[in-house]
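Engineer: Give me coordinates for this.
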Amino acid sequence: MIVSIALFYIYQQLQDDKKINWSIISSYLSVQSAIILMGFSAVNWIFEIFKWKHLVSSFKEISFFEAIKQSLGSLTASIFTPNRIGEYGAKVLFFPKENSKQIVLLNFIGNSSQMLVTTFFGVIGVSLIGLNFKVSNWFIFGFIIAAFLLLFLFKKVEIYGFSIQKLVRKIAAFSFTFHRKNLLFSIMRYLVFSCQFFFLLLTFEIEIALEIALGTIFTMYLLASIVPSIHLMDVAIKGSVAVYLFGLIGVESWKIIAITSLMWLYNLVLPVLVGSYFVLRFKPQKP
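Structural biologist: Coordinates of the predicted model:
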């Protein structure tokens, strides 16, 4: 059912010419560009797979192939859930029941490190935009500060025995080397898909200074990441945010929609198609 709905939704999106005009997009893309884009996406997911393999190695060694199966299979199973929350439950199914809490914690650590990296580079992006366009950045900085204040204020609040304070203690129990390697994978992945976006700007013949392009890309990912959404709708969320931000510097909206659509195709649709194979062949762990 998951695979059928996923494939049907993707098919509908690809047929919607009102949102994605593939005939115009193809006029800008050469075979060489398409291969380079595929390379970016492959490296992007290789870093994510190695990151998951590293996280699981804290209690069990798994092969690279097992990490692929778990990462892409859980992606396919979670694309209909808000902010990929279903990924937590999906990854648990690959392990014995006694490891459930540990897997949820490790997945949280992996996702949190990616969000931390997105926030760090997002602040840099906001600063670059502010320096170049003298735009007031207090709203975005205020949002980030408010988020950290909320974490501090509610750190002792418990829901079903869970609190942020306890979670922080569990995360702190892992070694510095463990967290450093996890963070490195997150940084490398972020830089890869940011470079992929910049490569598409060049492919669509958008003339833009490097610092302005990176500042806008980093800000876009920060703003898109704090908006709750279903993963499959990332193309709409990132697309609307990108159209607004790049519109401030005079970039044609259809080119930005084309770029975000291609990012969606290469970094979500293709991995979901591969993940569908693993979902169809999935066999739950014996109790």
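Engineer: low-scoring pLDDT stretches of the stretch 51-200 of the chain, where are they?
Structural biologist: 83, 131-164 (pLDDT under 70).
Engineer: List the buried residues of the one helix or strand Ile129 maps to.
Structural biologist: In this structure, Ile129 sits in helix 100-133 according to DSSP states H and E. By neighbour count, with 16 or more other C-beta atoms under 10 Å as the criterion, the buried positions of helix 100-133 are 102-103, 105-107, 109-111, 113-114, 117-123, 125-126, 128-130. Yep, even glycine has a C-beta here, placed from its N, CA and C like the rest.
Engineer: and what of stretch 176-195?
Structural biologist: Neighbour counts using 16+ other C-beta under 10 Å place 178, 181-190, 192-194 of stretch 176-195 among the buried residues.
Engineer: Check stretch 88-102 too.
Structural biologist: Counting neighbours by 16+ other C-beta under 10 Å, the buried set in stretch 88-102 is Tyr88, Gly89, Ala90, Lys91, Val92, Leu93, Phe94, Phe95, Asn99, Gln102.
Engineer: Please produce a markdown table containing those residues, extended by secondary structure and distance to Ser253.
Structural biologist: A markdown table is the format used below for the buried residues of stretch 88-102 (DSSP: H, G, I helix; E, B strand; the rest coil; distance: C-beta to C-beta, whole Å):
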| residue | secondary structure | distance to Ser253 |
| --- | --- | --- |
| Tyr88 | helix | 36 |
| Gly89 | helix | 37 |
| Ala90 | helix | 35 |
| Lys91 | helix | 37 |
| Val92 | helix | 41 |
| Leu93 | coil | 41 |
| Phe94 | coil | 42 |
| Phe95 | coil | 45 |
| Asn99 | helix | 47 |
| Gln102 | helix | 45 |
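Engineer: Nearest to Ser71 among those?
Structural biologist: Within the buried residues of stretch 88-102, the smallest distance to Ser71 is 8.4 Å, found for Lys91 (C-beta to C-beta).
Engineer: hey, where'd the helices end up in the stretch 51-200 of the chain?
Structural biologist: 64-78, 86-92, 100-133, 138-153, 164-172, 176-203 (DSSP state H, counting those that start in this stretch).
Engineer: and those as CSV, adding distance to Gly239?
Structural biologist: Compiled in CSV, the helices of the stretch 51-200 of the chain are given as follows (distance: least, C-beta to C-beta, whole Å):
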stretch, distance to Gly239
helix 64-78, 20
helix 86-92, 22
helix 100-133, 17
helix 138-153, 19
helix 164-172, 33
helix 176-203, 12
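Engineer: Out of those, the one nearest Val272 is which?
Structural biologist: Smallest distance to Val272 across those (C-beta to C-beta): 5.0 Å, for helix 64-78.
Engineer: Which strands or helices does the closest one pack on?
Structural biologist: Other helices and strands packing on helix 64-78, by 3 or more C-beta pairs under 8 Å, 6 or more residues apart in numbering; DSSP states H and E, are helix 2-15, helix 31-56, helix 86-92, helix 270-280.
Engineer: For Glu205, which of those is the nearest?
Structural biologist: Evaluated with C-beta to C-beta, the helices and strands packed on helix 64-78 place helix 31-56 nearest to Glu205, the distance being 11.8 Å.
Engineer: For that closest one, list every residue counted as buried.
Structural biologist: Taking 16+ other C-beta under 10 Å as the criterion, helix 31-56 shows 33, 36-37, 40-41, 43-56 as buried.
Engineer: for Phe178, what are its contacts?
Structural biologist: For Phe178, the contacting residues are His54, Ser58, taking C-beta atoms under 8 Å, 6 or more residues apart in numbering as the criterion.
Engineer: looking at the helices and strands packed on helix 64-78, which is closest to Leu210?
Structural biologist: Each of the helices and strands packed on helix 64-78 was checked against Leu210 via C-beta to C-beta, and the shortest separation belongs to helix 31-56, namely 17.4 Å.
Engineer: how big is the angle separating that closest one from helix 176-203?
Structural biologist: Between the axes of helix 31-56 and helix 176-203, defined by axes from the mean of the first three to the mean of the last three C-alpha atoms, to 10 degrees, the angle is 170 degrees.
Engineer: Give me the helices and strands touching helix 31-56, please.
Structural biologist: With contacts taken as 3+ C-beta pairs under 8 Å, 6+ apart, helix 31-56 sits against helix 64-78, helix 100-133, helix 176-203, helix 270-280.
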